[in-house]
Structure formats: structure tokens, C-alpha cells
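*Asks:* My questions are about this predicted structure, shown below with the sequence.
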Amino acid sequence: METFIDQLDFSLPKPAKELILKAVQSKEIKEIVDGVKEKRPPKLVIMGRSGVGKSSLINAMFGEYLAETSSVNVGTTEAHVFQYKKGDEVVFEIIDTRGIRENVQETDSEAEIDLQKVIEDFEPDAFLLITNGADRSTLREDAIYLNEIYKQLEIHVPLITVINRIDDIEPSRIKEPTQYSAKKKENINTKVEQVKEVLSDVGISKAFVVPVSSYIEWNHDNPEELTKEEKEALTIEFDGRYNIDKLLQLLEDNIDFRAAVYMMLNNKYEVAIRKVADKFIKVFSTASASVAITPIPASDIAILIPIQILEVRVIAYLAGEKLDVKSAREFILSLGGVALFGMALRFIAQQGSKLLNLTIPGSGAAISSSLAYTGTYSVGKAALAYYIDGKSKEESKKLMEEAQKETEKKQTILS
């Protein structure tokens, strides 16, 4: 970052340089960078009956028939750590507890203690309780068991109840999600409420509940009989997946960022890059807002320009393009009259608001901070549209204006 500041073709006073470094070398920036550098496969603990559809769910999440390998047999609990691979790359690690509740006596506390230790050593990102959408007989018992295990662990990760095979909910003949009838959707919603009620009754009040269908027909009748290479070559002949995107979004938003980045990159690369860019935009906008409060006379515009240039360079870099300082600044200026006018207006308003501070302490800082945030946020959105989404300059400028109006409206409501 210091090298970047030194590359600027205009000089900054030392206090302004220190403010920029402090603002952008934030904990949030470090978490994003570390998350991308240290990305790793998500680790999930699967709770549920044998045959509930674990493998089909994982395949549905990736849209590929993934090769499953059992890496270790865990102790006396009959739990296994499974790896799901795309080619030679592990995309998921899972502790599968299937069969434990059916095969282990309820009084066998030693097995449960063993399982708890295995889970804690595994350091999972989330618990998934998978239940069959057409089955009402086992959910309560499984939920009680999950709650017993979860309460005794020293880790706290999201609990997600996945109601799988909702395509089997009546009318079960309808498998195409876009053709789900009003009656089928009503029955699905009823099932969700029933599950939430059971979870609440057994003491699980903060679990996410997602109804999904992982129903896929592959271009082979018995894909489990194929070799690893043949499985990788399988294609989808009928796609009956429902709400899988919602489940993926839920995981991405709630698990360790390193695992979320890895999962996004293995699903939709462009979506992952866009989400990381969005995180950077928010951090840079917040940085602009914080430095706008600086008491350094007439320094706001000097500080906002390098922050916005850095923001554009980072977003372009995520899209695979390396911009120098001149090119990044030219992009900002190329957004046209609105951008230029906006910069001039922010500068005047900010310096005027500092004068306002002389008579009304605190009020000017709020105005200056709000304007700085809005300007940097809208420039970031324009850069995202142009470099990542492939929009034209005119389209990017329009999106910048919309982002500016939207942000100003939100800040007006908040104030």
C-alpha cells in the first residue's frame, strides 16, 4: 500500500498518507485477502438417516456427479470422514453420522463422547440435519440427538436443517420445479412449518430450515457403477433441483469466509469474484467515510482520490486486469460529467460541513462522512460493472448514478 501511494503522480502530506494507510489496512481488508489466500474446502457434519440423500444433495450443490472417497474410519462410533472430489481436487469434507442412531444403543454414552471428540477435532463449518420431505416419523428423534450432541460441543457453527426430496411431496408426479403447482408449494410450506415446530419443541430455536430437491437424472442409469473418470464425464439429462441456490447462499453467508470463498470458486467463479469485489467496495467506502472526518484542512478530496483509485485497481485486478495509477484515474474521470460534478460537489460540501462543525459540533462530520461513503461506493459499483460484469462505460456510469441515489436514499432514512 505504501508503494501504491508512492506511485501517485501527486504528493500527499504525511498526515494524509498515514490516514489512508490506517483506513485501508483494516481488519476487514486483511480478512478478505487472507480468506482468498487461505481458501479451503468446507467441512460439514451431516446428521440424518441412512439413505436420506446425502450424496445426491452434494452432487446437486455442484451440478456434477462427484467422486466420493472415504478417507478415515473414525473410532467406535462408525462415523466416517468423507471427501468429495472434482477431479483430483477436494471440494467438500464431511463427517457422515448416518446409521449411528440406528445402530448405537441410547445408553452407549462412550460412543457419543467419542463422536463429540471427532467433531471437535474436525472443526466443522456447519451442521446439516437432513430429513426426508416425505417422511415424518424420524425427524423428532434425529433432532433430539442433534441437539444433545450440539449442546455438548465447544464449537458454535450454523445449524441448517435441509428438507431433502421435497419433489416427493404431493403431488409427487411434478418433478420440474418451474411447474410446481400452488398445491405443491403450499404443501412444501406446510412441511417447513412442521419441521420448525419440531425443532423448537426439542430446543433448537436458531436453526435455518431449507426445503430442497436434489433430484437429477444423469445420462447413465447406474452412475454409481462407473469409474471415476466416467463419473466426471456424466451430464445432466433432467434437472429437478429446487432451492439448491438458496442453500448454497445460506452456507456462503454463514460459514468461515475461507471455506465460503472456496465453495463459491468451485461453483460459480464469476459470482465468487463479484462477492469479493462487493466486500472490497464496502470496506473502501467505510474507509472514505472514516477519513472524511479528519481535522486536516482541505484534505478530504486528497484522501478520497487515492482511496477510489486503489478501489478501482483492486476490482480490475480481481477481473484479471492490472491497472496502473493513471489508468485507474482515467477510468474514474471517464465516467463523465456526473462523476466529475459529484467529486466537485463532495469537495465543496465537505469543506462547508467542516465550517458547520465550528458552530454545531458533530453535524458537519456526519454530512462529510455520508458524502464520502456515497462517492466511493458508487465509483466502486461502476468499476465492478465495467471490469467484472463487462458492461460498457455508459452502462457503468448509469449504474454508478443508480448506486449513488440508492445509497443516498438509505442514508437519508437512517439519519
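*Replies:* Yes, it's here. Numbering: from 1, shown residues only.
*Asks:* ok, K175 - contacts?
*Replies:* For K175, the contact set (C-beta atoms under 8 Å, 6 or more residues apart in numbering) comprises 167, 213, 215, 238, 240. Where you see a C-beta, it was placed from the backbone N, CA and C, and this is true even at glycine.
*Asks:* which one of these has the most neighbours?
*Replies:* Most neighbours among those, by other C-beta atoms under 10 Å: S213, with 27 neighbours.
*Asks:* so it bridges to which residues?
*Replies:* Y242 (DSSP bridges).
*Asks:* And it, how close does it get to I163?
*Replies:* 10 Å (C-beta to C-beta, to the nearest Å).
*Asks:* And W218, by the same measure?
*Replies:* 23 Å.
*Asks:* Flag every buried residue along the helix or strand harbouring Q249.
*Replies:* Per DSSP states H and E, Q249 falls inside helix 244-254. Judged by neighbour count (16 or more other C-beta atoms under 10 Å), helix 244-254 contains these buried residues: 244, 247-248, 250-252.
*Asks:* Just after it, pick out the following helix or strand.
*Replies:* By DSSP H and E, the next helix or strand past helix 244-254 is helix 257-267.
*Asks:* How many residues are close by D201?
*Replies:* Other residues close to D201 by other C-beta under 10 Å number 11.
*Asks:* Work out for me the element the nearest residue to it once chain neighbours are set aside sits within.
*Replies:* With C-beta to C-beta, 6 or more residues apart in numbering as the criterion, D201 has its nearest non-adjacent residue at 7.6 Å, and that residue is R140. Using DSSP H and E, R140 sits in helix 139-151.
*Asks:* What of I332?
*Replies:* helix 325-334.
*Asks:* other SSEs contacting that helix?
*Replies:* In terms of contacts (3 or more C-beta pairs under 8 Å, 6 or more residues apart in numbering; DSSP states H and E), helix 325-334 is packed against helix 300-318, helix 337-357.
*Asks:* mean pLDDT lowest for which of the ones you listed?
*Replies:* Mean pLDDT per stretch puts helix 337-357 lowest among these, at a mean of 49.
*Asks:* Tell me which helix or strand comes right after that helix.
*Replies:* helix 363-383.
*Asks:* Now that following helix: average pLDDT?
*Replies:* In the prediction, helix 363-383 has an average pLDDT of 78.
*Asks:* by how many degrees do that helix and helix 300-318 diverge?
*Replies:* 30 degrees (axes from the mean of the first three to the mean of the last three C-alpha atoms, to 10 degrees).
*Asks:* relative orientation of helix 363-383 and helix 325-334 in degrees?
*Replies:* Using the same axes, to 10 degrees, helix 363-383 lies at 100 degrees relative to helix 325-334.
*Asks:* and helix 363-383, what does it pack onto?
*Replies:* Counting contacts by 3+ C-beta pairs under 8 Å, 6+ apart, helix 363-383 packs against helix 269-291, helix 300-318, helix 337-357, helix 393-414.
*Asks:* if we go to 10 Å?
*Replies:* Of the remaining helices and strands, those touching helix 363-383 by 3 or more C-beta pairs under 10 Å, 6 or more residues apart in numbering; DSSP states H and E are helix 269-291, helix 300-318, helix 325-334, helix 337-357, helix 393-414.
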